[in-house]
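S.K.: Next come a sequence and a model predicted from it.
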Amino acid sequence: MGVFLWPALVLLGVAAVLVGVRVVRGPTTLDRAAAVDVFVAVLLCGLAVVAADRGSTTLVPVLVVLALLGFAGSVAVARFVGRDDR
Amino acid sequence: MSLAGALDVVSGVLVVTGALFAVTAGVGLVRFGDLWLRMHAGTKPQVLGLLLVLSGTGIQLAGSGGAVTALLLVAVFQLATSPVSAHVLSRAGHRSGAVPRTNLVLDELAEASRDAAERPGDAADEAPGEPPGGGGDLPPR
């Protein structure tokens, strides 16, 4: 795994920055919610890569919790976006 | 090469490929023009990338059955929740008018809600075929 750790983490960092650009730019709340959804998934990937590199299972429960939290967040935002709420 | 070394390389390649898919999702999110296009970029390559990374991790952690089960659980969650959240977000975008509809070739959701609104004595806030309270819709204002 050692050789692949840094390429994977750098790629995931690039992805996180690109997603962050969309979070900052918006322009609507829904765009930001979709981008945060992707950000959580990138975070999941990063934690999984670290867990694979260490060969330890400590981070695996964190993955499960994050997978559910990202979903709840974006659905909650979408539920409360009104007609003129940009 | 020993079996362990080969598995190491396989899992590394899976992880890096998954990270590449995450980058394509990010590029799509930045470059695409409106919410629906961005959601398309944000859900499909993202889920595939996460599945690849999780399988790479699963190969590394194959010694622990509980960890592999939990990773499978994460994969199933992601496969189940990503379409749902994309659907809810796109409906909210349609309803709030945040997305320009001029580019649409066909807009069946608008037709359905217009039909439902015109039908007298019916619950006008639900599209036909939709169970009450479904779709994460707010009542009409």
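M.R.: Happy to help now that I have it.
S.K.: Is it correct that residue B:86 is in contact with residue B:43?
M.R.: Yes: here residue B:86 reaches residue B:43: they are 4.6 Å apart, a contact under C-beta atoms under 8 Å. (Glycine included, C-beta is placed from N, CA and C.)
S.K.: So which other helices or strands are in contact with the helix or strand that residue B:117 is a member of?
M.R.: Element membership of residue B:117 [criterion: DSSP states H and E] is helix B:108-118. For helix B:108-118, the packing partners by 3 or more C-beta pairs under 8 Å, 6 or more residues apart in numbering or on different chains; DSSP states H and E come out as helix B:65-96.
S.K.: what's the helix it packs on packed up against?
M.R.: Partner elements for helix B:65-96 (3+ C-beta pairs under 8 Å, 6+ apart): helix A:29-54, helix A:60-79, helix B:35-60, helix B:108-118.
S.K.: List the buried residues in the helix holding residue B:117.
M.R.: If you call a residue buried by 16 or more other C-beta atoms under 10 Å in any protein chain shown, then helix B:108-118 has these buried ones: B:109, B:113, B:116.
S.K.: again with stretch B:63-81
M.R.: Within stretch B:63-81, judged by 16+ other C-beta under 10 Å, the buried ones are B:67, B:68, B:70, B:71, B:74, B:75, B:77, B:78, B:81.
S.K.: And for stretch B:35-44?
M.R.: B:35, B:36, B:38, B:39, B:41, B:42, B:43, B:44.
S.K.: what residues are up against the most centrally placed residue in chain B?
M.R.: Centroid-nearest residue in chain B: residue B:82, 3.2 Å away (criterion: C-alpha atoms, centre = their mean). Counting by C-beta atoms under 8 Å, 6 or more residues apart in numbering or on different chains, residue B:82 touches A:37, A:41, A:71, B:43, B:46, B:47.
S.K.: quick one: which of those has the most company?
M.R.: residue B:46 (30 neighbours; other C-beta atoms under 10 Å in any protein chain shown).
S.K.: Mind giving me the packing neighbours of the lowest-mean-pLDDT helix or strand in chain A?
M.R.: Lowest by mean pLDDT, DSSP states H and E among the helices and strands of chain A is helix A:60-79, with a mean of 85. Secondary-structure packing of helix A:60-79 (3+ C-beta pairs under 8 Å, 6+ apart): helix A:29-54, helix B:65-96.
S.K.: List the residue ranges of chain B that fall below the pLDDT cut-off.
M.R.: For chain B, residues meeting the criterion pLDDT under 70 lie at B:1, B:120-141.
S.K.: make it 80
M.R.: B:1, B:4, B:33, B:42, B:63-64, B:95-111, B:113-114, B:116-141 (pLDDT under 80).
S.K.: In contact with the closest residue to residue A:49 other than its chain neighbours: list those residues for me.
M.R.: In space, residue A:49 comes closest to residue A:8 once its chain neighbours are excluded; the distance is 4.9 Å by C-beta to C-beta, 6 or more residues apart in numbering or on different chains. By C-beta under 8 Å, 6+ apart, the contact list for residue A:8 reads A:49, B:12, B:15, B:16, B:18, B:19, B:53.
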